[in-house]
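# Starting from these lines, generate the structure:
(one chain, ligands or ions: 1)
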Amino acid sequence: MTKEQFILKLHEIGAIKFGSFILKSGLVSPFYIDLRDTISRPKLLEGMAKLLANKIQELSFDIITGIPYTALPMASLVADILKKPLVYRRKEEKAYGTAKSIIGTFESGATCVVIDDLITTGESKIETAEHYEKEGVKINDFLVLIDRSSKGTEILAKHGYNLHAVITLDEILETLRSNNLINSDVINQVSDFTNSLSEPEIASSELDYNTLTKKLLACMKRKQSNLILSLDVSCAKTFFEILDKTAKHIVMLKTHIDIIDNFEPKFIEKLRKYSQKFDFLIFEDRKFADIGSTVRKQYRNGIYRIADWAEFITVHTVAGEGIIKGLFDGISDRSCFLLARMSAKENLINETYTRKTIEIGRKNTSVVSGYIGHGKDVADIQRFKSRIPKGQLLLMPGVQLERGSDAMGQQYITVEEAVEGGADCVIVGRGIISGDNPDELAVQYQARGWSAYQKRTGQK
Ligand code: 5BU
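Below you'll find the model as predicted:
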């Protein structure tokens with residue numbers, strides 16, 4: 001099968017369509033490609049496998065994989081043609097039994113070519129590569145049937161990977177046009193669309209910061225601080241004693257209001273006075289996680305009435321996007337951070353969860369100021385940060401002056417690692433409040449955090 005025959009066949013069977021399609025991201029695309037049903041057409045599948053195999057026969061590598069589900073049958077045919085061992089990654093993470101998540105046998109350090117049907121943003125490819133690399137497999141090359149984004153090669157290259165594509169979107173358009181199957185209007189619509197997006201960051205670069213994010217950024221600038229104090233003490237008296245000593249160094253105060261003993265509404269009155277006097281924002285780290293209708297009440301009612309006084313809250317996306325609507329519908333001047341990654345050891349958030357959380361955040365920028373995240377080192381945080389839309393921030397807990405951990409699974413990286421990797425603010429609790437001199441410690445955290453921030457962003 002030639003490339004032209006392949007393209008015409010895909011068009012004939014409706015695997016490539018033109019019209020108006022709503023994508024997962026909410027964007028409306030003038031074209032749609034879906035290769036899933038090709039597995040039921042043995043001749044076409046065989047032709048595709050030969051085209052794929054041809055493209056990589058000159059490369060040197062040890063094993064082959066396909067990204068489930070669509071590309072896995074293709075990869076298995078390619079593996080057969082090239083007589084290379086096939087492995088694949090379990091799509092669902094196993095909650096029990098052996099921790100093995102790659103099926104098949106390979107030697108540690110084996111090089112692997114990853115096959116997929118399509119590439120758009122490259123994001124899921126990078127996620128896959130990170131996963132394989134964690135398991136001791138070296139990835140240099142990705143092979144796809146269709147490169148539907150003009151930036152795919154560039155994006156993977158930025159992460160150190162080569163992209164090989166059997167055909168590109170331009171070739172599809174050209175072939176269909178020369179066979180009179182589409183006209184130039186369609187071609188223009190498609191190219192306008194692809195030019196308007198590339199990488200998620202670029203796609204969202206026109207998104208502006210929401211009002212609350214702007215308020216936070218302005219306060220950071222005024223106070224020359226990206227330090228968020230997590231004042232996790234139960235005694236109200238101690239709470240304000242520490243706040244007295246540290247408030248001028250912080251941009252935001254993070255509370256866990258439900259740990260305060262003998263809570264009374266006057267605690268909030270006092271807190272608000274402090275926030276005005278010392279110029280900091282209030283962030284209640286009540287991690288909402290229920291259905292929309294319940295969180296709505298948890299946020300507005302009860303003894304804490306969080307919506308009345310906390311500018312920011314944290315939200316788990318485990319219950320899906322409805323939680324955002326439940327929390328914020330009808331409320332103004334409030335925003336949140338979504339939990340995209342946690343600092344706790346062996347937490348159950350996986351890469352898919354993180355990606356979907358960012359998708360939800362991207363669709364709700366007016367009330368999502370950013371994400372809470374963590375990472376094992378600078379490079380890991382940088383990769384994570386590159387997926388966060390430009391108009392949203394990354395706040396990082398699990399930060400101290402030195403790396404370390406506590407007895408209950410908390411893991412710490414340093415202020416510099418966090419900020420160099422991409423954290424806009426660092427969240428520090430015991431690093432400051434457990435010391436003998438919280439005021440001196442706050443000064444240190446502020447200085448180190450802000451200097452790393454200036455270094456990364458060039459901000460004065
Ligand atoms: P620490 O004392 O600096 O370890 O406190 C960290 C704070 O950040 C604490 O209030 C946690 O509830 C909060 N936190 C966290 O540590 N890790 C996470 O992944 C998230 C929140 Br989300």
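# any idea how far residue 115 is from residue 443?
Using Cβ to Cβ, to the nearest Å, residue 443 is found at 54 Å from residue 115. For every residue, glycine as well, the C-beta is placed using N, CA and C.
# can you list the domain ranges for the protein.
Domain assignment for the chain by automatic domain parsing gives 3-196, 204-457.
# As JSON lines, the ones you listed with mean neighbour count and distance to the ligand would be great.
Shown next, in JSON lines, are those (neighbours: other Cβ atoms under 10 Å; distance: least, Cβ to the nearest ligand atom, whole Å):
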{"stretch": "domain 3-196", "mean neighbour count": "17", "distance to the ligand": "19"}
{"stretch": "domain 204-457", "mean neighbour count": "19", "distance to the ligand": "3"}
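# lowest-confidence stretch among those?
Ranked by mean pLDDT, the domains of the chain bottom out at domain 3-196, with a mean of 90.
# So for it, first residue to last residue, what's the gap.
Taking Cα to Cα, to the nearest Å, the first and last residues of domain 3-196 lie 27 Å apart.
# now stretch 176-185
As for stretch 176-185, its first-to-last residue distance stands at 13 Å under the measure Cα to Cα.
# what comes into contact with it?
The list of residues contacting stretch 176-185 from outside it, by Cβ atoms under 8 Å, 6 or more residues apart in numbering, reads 7, 8, 11, 16, 18, 173, 187.
# Helices - which of those residues land there?
7, 8, 11, 173, 187 (DSSP state H).
# Greatest separation within these: which pair is it?
The most widely separated members of those are 8 and 187, with 16.5 Å between them, by Cβ to Cβ.
# Going along the chain, name the helices of the stretch 351-460 of the chain.
Assigned by DSSP state H, counting those that start in this stretch, the helices in the stretch 351-460 of the chain fall at 351-363, 378-385, 415-421, 430-433, 438-457.
# Now those helices in JSON lines, please, with extra columns for distance to residue 240.
Rendered in JSON lines, the data for the helices of the stretch 351-460 of the chain read as follows (distance: least, Cβ to Cβ, whole Å):
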{"stretch": "helix 351-363", "distance to residue 240": "33"}
{"stretch": "helix 378-385", "distance to residue 240": "34"}
{"stretch": "helix 415-421", "distance to residue 240": "25"}
{"stretch": "helix 430-433", "distance to residue 240": "13"}
{"stretch": "helix 438-457", "distance to residue 240": "12"}
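# Select, out of these, the one closest to residue 58.
helix 378-385 (29.0 Å).
# what's the angle from that closest one to helix 351-363?
Interaxial angle of helix 378-385 relative to helix 351-363 (axes from the mean of the first three to the mean of the last three Cα atoms, to 10 degrees): 50 degrees.
# contacts for helix 378-385?
Taking Cβ under 8 Å, 6+ apart as the rule, helix 378-385 contacts 126, 130, 159, 340-341, 354, 373-375, 394, 396, 417-418, 420-423.
# Then stretch 152-167?
Residues outside stretch 152-167 that contact it (Cβ under 8 Å, 6+ apart): 3, 6-7, 48, 51-52, 55-56, 59, 119-122, 125-126, 129, 139-147, 198-199, 383.
# Mind checking which of these land in helices?
With helices taken from DSSP H, the overlap with these comprises 3, 6, 7, 48, 51, 52, 55, 56, 125, 126, 129, 383.
# I'd like the contacts of stretch 176-185 written out as TSV, with distance to residue 317 added.
TSV is the format used below for the contacts of stretch 176-185 (distance: Cβ to Cβ, whole Å):
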residue	distance to residue 317
7	38
8	42
11	37
16	33
18	33
173	37
187	38
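# Greatest separation within those: which pair is it?
The most widely separated members of these are 8 and 187, with 16.5 Å between them, by Cβ to Cβ.
# From residue 196, how far out is residue 390?
Residue 390 is 15 Å from residue 196, where distance means Cβ to Cβ.
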